[in-house]
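**Q** next come a sequence and a model predicted from it.
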Amino acid sequence: SQHPYNHLLEKNISPKKILKWIREKNERPDLLLRVPLSVSAIIKECWHPDPSARPSIGQVKERLVVILEEVKKTNFEGQGAIEQVNSVHLKLLHQMLPPRVAEALS
C-alpha cells in the first residue's frame, strides 16, 4: 500500500520539510484508498487548519460507529462485507492518524 507523502519522500524531501509544508500551506495528501464519502468528510474535518474547528476524538468515534452501523444494516454482500469494511476502517485509522489516536478509536 502507498503511504501519504510517499512521492515527496521518494524525492528525498525530509519528513521535517514535509511537516513544515503541511503546517504552512495546509497541504494534505489525496485519499489513496477508496474511501466512502462519509469517512472522507471526517478525515477532511480532522485536517482543518484551525485545531478548534476539528472534531474531537469522541465525535470522530461516534460518527464512525454510526457509519459502521449503517453498513451493518445494509449488509450488501453478507457477513464477509462487514468484516472487510471493519478491516478497511481500521487500516484507514492507522494510516491517517497518529498511532495513539488510531488506537483510541479502534
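**A** Noted; the coordinates are in hand.
**Q** could you use CA atoms for every contact and neighbour count after this?
**A** Noted.
**Q** lowest average confidence, helix or strand, in the chain?
**A** Ranked by mean pLDDT, DSSP states H and E, the weakest helix or strand in the chain is helix 79-96, scoring a mean of 65.
**Q** okay, helices next: where are they in the chain?
**A** Counting by DSSP state H, the chain has helices at residues 6-10, 15-25, 37-46, 57-74, 79-96, 99-105.
**Q** and stretch 20-40, end to end?
**A** 23 Å (Cα to Cα, to the nearest Å).
**Q** the closest residue to Glu103 other than its chain neighbours: neighbouring residues, count only.
**A** What sits nearest to Glu103 in space, not counting adjacent residues and going by Cα to Cα, 6 or more residues apart in numbering, is His94, at 7.8 Å. Other residues lying near His94 total 17 when counted by other Cα atoms under 10 Å.
**Q** how close does His94 sit to Arg100?
**A** As defined by Cα to Cα, His94 lies at a distance of 9 Å from Arg100.
**Q** same deal with Val65?
**A** Remark: distance between Val65 and Arg100 (Cα to Cα) = 19 Å.
**Q** and these two? which has more neighbours close in?
**A** Neighbours were counted for Val65 and for Arg100 using other Cα under 10 Å; Val65 has more, 13 against 10.
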